[in-house]
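Engineer: build me a model from this:
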Amino acid sequence: MKTLIYIGNKSGVSKDANLSSIDLLVPLFENSGFKIYTASSKNNIVFRLLDMLWMCFKHKNEVDYVLIDTYSTLNFYYAYFVGGLCTILKLKYIPMLRGGNLPERIKKSPKLSKAIFNNAHVNIAPSLYIKSKFESEGFKNIINISNSIELDNYKFKPRTFSQVNLLWVRSFSKIYNPTLAIDILRDLKERGIIASLCMVGPDSDGSLKKVQDYANKMQVVVRFTGKLSKPEWIKLSEDYNIFINTTNFDNMPVSVIEAMALGLPIVSTNVGGMPYLIENNKNGLLVSPNSAGLFAEAIQELIKHPFKTDQLTREARLLAEKMDWNCIEKQWLKVLK
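Structural biologist: Just a heads-up that it's a prediction; the model follows:
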């Protein structure tokens with residue numbers, strides 16, 4: 001039995017936060033037969049880093065691989081220090097390149113980036129976008145393993161369009177541009193389209209209050225649910241017929257894969273990894289960022305051409321099926337052999 005240490009920000013860091021990759025993957029790895037230690041759920045950033053380092057040192061004689069969730073902001077430094085300790089301890093570590101803005105980070109911090117990624121056993125890129133960006137910067141030890149879902153949890157449902165019911169699912173954070181969803185709703189109403197909007201997710205950086213205030217200012221009614229469990233938002237999704245992804249930075253968001261599995265037609269900005277996930281006019285629609293008008297036009301296309309929209313959603317479901325854990329597990333087992 002292989003032993004792993006998984007380094008990441010567990011949801012215990014904030015009870016209001018969405019489940020993170022570490023929360024989702026650990027049970028799957030355990031079911032695959034791995035023994036796994038995790039860090040960290042500490043709230044204080046210093047204690048969290050110390051907990052991560054201690055976990056690696058404590059289990060240095062029994063661990064086979066150290067997995068490290070790696071993002072472009074604060075977590076980037078966690079990866080640097082944990083990777084450095086692993087190098088000293090001669091532990092094989094594997095950064096998982098989750099941050100959609102990591103390509104900018106490796107340009108801003110080239111020395112730290114080389115220290116993290118060149119010394120890694122291998123780097124896992126959840127999207128071909130991140131893989132291509134890292135390779136263009138000279139990193140060669142990159143393997144693409146997509147984010148995964150457990151497909152049995154997602155029942156495909158064909159949608160009808162007597163009116164537009166928009167669903168937005170993400171943490172409320174500036175980089176995900178949630179105020180654009182308000183502008184999209186307002187634009188649709190100005191075009192005479194009956195439309196509603198539900199926004200699901202916890203507050204990340206104070207954006208939730210700003211979005212609520214903006215909705216009031218724009219005089220549109222929006223349903224804000226706060227954080228929901230996965231079963232809760234999957235159940236909620238049955239009442240909605242279009243999924244919008246308004247982000248300015250992205251990698252391979254699980255929420256979009258989940259929407260594909262559920263049969264929700266998707267309109268997304270064409271930023272970051274989204275064009276690598278969504279093929280425009282085949283399994284979703286892509287538009288330029290920061291344009292409510294382009295979103296509204298794409299949504300009009302979906303409701304005017306229901307047969308084409310049905311084809312889009314069925315193609316999206318086929319793609320989501322390839323990201324079922326039963327498929328992705330085999331790729332991980334090959335890396336962790």
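Engineer: which pLDDT does the model give the residue nearest the centre of the chain?
Structural biologist: Relative to the mean C-alpha position of the chain, the nearest C-alpha, by CA atoms, centre = their mean, is the one of Pro253, at 2.7 Å. The model reports Pro253 with a pLDDT of 92.
Engineer: quick one, what contacts it?
Structural biologist: With contacts defined as CB atoms under 8 Å, 6 or more residues apart in numbering, Pro253 is in contact with Asn147, Arg170, Asn245, Thr247. Using the backbone N, CA and C atoms, a C-beta is placed for each residue, glycine as well.
Engineer: which helices and strands does the helix or strand Ala298 falls within pack with?
Structural biologist: If you go by DSSP states H and E, Ala298 is part of helix 292-304. Packing partners of helix 292-304 (3 or more CB pairs under 8 Å, 6 or more residues apart in numbering; DSSP states H and E): strand 164-169, helix 179-190, strand 242-245, strand 266-269, strand 285-287, helix 306-321.
Engineer: right, so these: which one is the most enclosed?
Structural biologist: strand 242-245 (a mean of 26; mean count of other CB atoms under 10 Å).
Engineer: quick revisit: between the helix holding Ala298 and strand 164-169, how many degrees?
Structural biologist: 120 degrees (axes from the mean of the first three to the mean of the last three CA atoms, to 10 degrees).
Engineer: keeping just the C-alphas, turn helix 292-304 into CSV.
Structural biologist: The C-alpha atoms that make up helix 292-304 are tabulated as CSV, following Å, rounded to 0.1, in the frame of the first residue of the first chain:
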residue,chain,number,x,y,z
ALA,A,292,-22.9,41.4,-20.9
GLY,A,293,-24.1,42.1,-24.4
LEU,A,294,-22.1,39.1,-25.9
PHE,A,295,-23.4,36.9,-23.1
ALA,A,296,-27.0,38.0,-23.8
GLU,A,297,-26.6,37.4,-27.5
ALA,A,298,-25.2,33.9,-26.9
ILE,A,299,-28.1,33.1,-24.5
GLN,A,300,-30.6,34.3,-27.2
GLU,A,301,-28.9,31.8,-29.6
LEU,A,302,-29.5,29.0,-27.1
ILE,A,303,-33.2,29.7,-26.7
LYS,A,304,-33.8,30.4,-30.4
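Engineer: can you count the residues close to the closest residue to Lys42 other than its chain neighbours?
Structural biologist: In space, and not counting its chain neighbours, Lys42 is closest to Arg48: 4.0 Å by CB to CB, 6 or more residues apart in numbering. A count of nearby residues for Arg48, using other CB atoms under 10 Å, gives 21.
Engineer: go on, Phe29?
Structural biologist: For Phe29, using other CB under 10 Å, the count is 18.
Engineer: which element is it on?
Structural biologist: Going by DSSP H and E, Phe29 is in helix 21-31.
Engineer: likewise for Ile328?
Structural biologist: Here Ile328 is assigned to helix 325-335, by DSSP H and E.
Engineer: between helix 306-321 and that helix, find me the angle.
Structural biologist: Going by the same axes, to 10 degrees, helix 325-335 makes 40 degrees with helix 306-321.
Engineer: then helix 325-335 to CSV, C-alphas only?
Structural biologist: The C-alpha coordinates for helix 325-335 follow below in CSV (Å, rounded to 0.1, in the frame of the first residue of the first chain):
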residue,chain,number,x,y,z
TRP,A,325,-13.2,9.4,-11.4
ASN,A,326,-13.2,5.8,-12.8
CYS,A,327,-11.3,7.2,-15.8
ILE,A,328,-9.1,9.7,-14.0
GLU,A,329,-8.2,7.2,-11.3
LYS,A,330,-6.3,5.1,-13.9
GLN,A,331,-4.1,8.1,-14.8
TRP,A,332,-3.3,8.8,-11.2
LEU,A,333,-2.5,5.1,-10.5
LYS,A,334,0.0,5.3,-13.4
VAL,A,335,1.8,8.3,-11.9
